[in-house]
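*Asks:* just coords:
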DNA sequence: CCACGGATTGGCT
DNA sequence: GCCAATCCGTGGA
């Protein structure tokens, strides 16, 4: 895959909803130990400090969520349920408190390494491939992303996002978000219509 | 200091 | 479909 078309900082420094839509179809990439892991972004959710009680940033800045206030272009990693990590792309301006949760990827490169990270074996069947990165915690497990990666700048050379053609609105499905108990009616989940790697319809 | 529960997953029924 | 696993951020005393 061509590696010279990284998304620039200004891509991330815009409105969280347009950026969420724009992230669909792009390639999330991690270089680790000389290898490339990558996946096409097929499902995301927007979170924002304002009017969104489910957002980690809703009650203001804390040590845990401070990356959400650093402005667009950083990776915000949080730990949940005592065993899982999830990855967010921070968007907008300084102190805006906006981020996009990566909910599902279509695995593209480094499937053998992802399979080791997820299943402790390098050869997998079609069902296992389907389940490799189709959930927010599965993505972090497959890409070996943990607390260390919190605050990583996405324009660096370790973790970044490659540009790809924009997905047209016709091909984007918009729904309420999954797995939350507050602000459950906000239609802030975006996914690529008919992509088999989307976590849930 | 302590209690609560979560932007989840996978295994078992 | 249901539920256990397992940590730590958060908020109240």
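*Replies:* Nice, I can see it. Note that this is a predicted model, so its numbers are computed, not measured.
*Asks:* contact partners for the residue nearest the centre of chain A?
*Replies:* Nearest to the geometric centre of chain A sits residue A:102, at 2.2 Å (Cα atoms, centre = their mean). Shown in contact with residue A:102 (Cβ atoms under 8 Å, 6 or more residues apart in numbering): A:28, A:41, A:44, A:86, A:87, A:88, A:89, A:136, A:139. The C-beta positions use only the backbone N, C-alpha and C, and glycine is treated the same way.
*Asks:* and the fourth one, what does it touch?
*Replies:* Applying Cβ under 8 Å, 6+ apart, we find residue A:86 in contact with A:77, A:78, A:80, A:101, A:102, A:136, A:137, A:139, A:140.
*Asks:* so which of those residues are in strands?
*Replies:* Among these, the members found in strands (DSSP state E) are A:77, A:78, A:80, A:101, A:102.
*Asks:* now the helices for chain A?
*Replies:* For chain A, the helices defined by DSSP state H occupy A:9-12, A:16-23, A:111-119, A:126-130, A:136-142.
*Asks:* now the most far-flung residue of chain A relative to its centre. Nearest residue, chain neighbours left out?
*Replies:* What lies farthest from the middle of chain A is residue A:123; by Cα atoms, centre = their mean that is 25.0 Å. Leaving aside its chain neighbours, residue A:123 sits nearest to residue A:115 (7.2 Å; criterion: Cβ to Cβ, 6 or more residues apart in numbering).
*Asks:* just checking, the one you found touches residue A:128?
*Replies:* Yes. Look at residue A:115 against residue A:128 with Cβ atoms under 8 Å: they come within range, at 7.0 Å.
*Asks:* what about those two, which has more around it?
*Replies:* Neighbour count, other Cβ atoms under 10 Å: between residue A:115 and residue A:128, residue A:115 has more, with 19 against 14.
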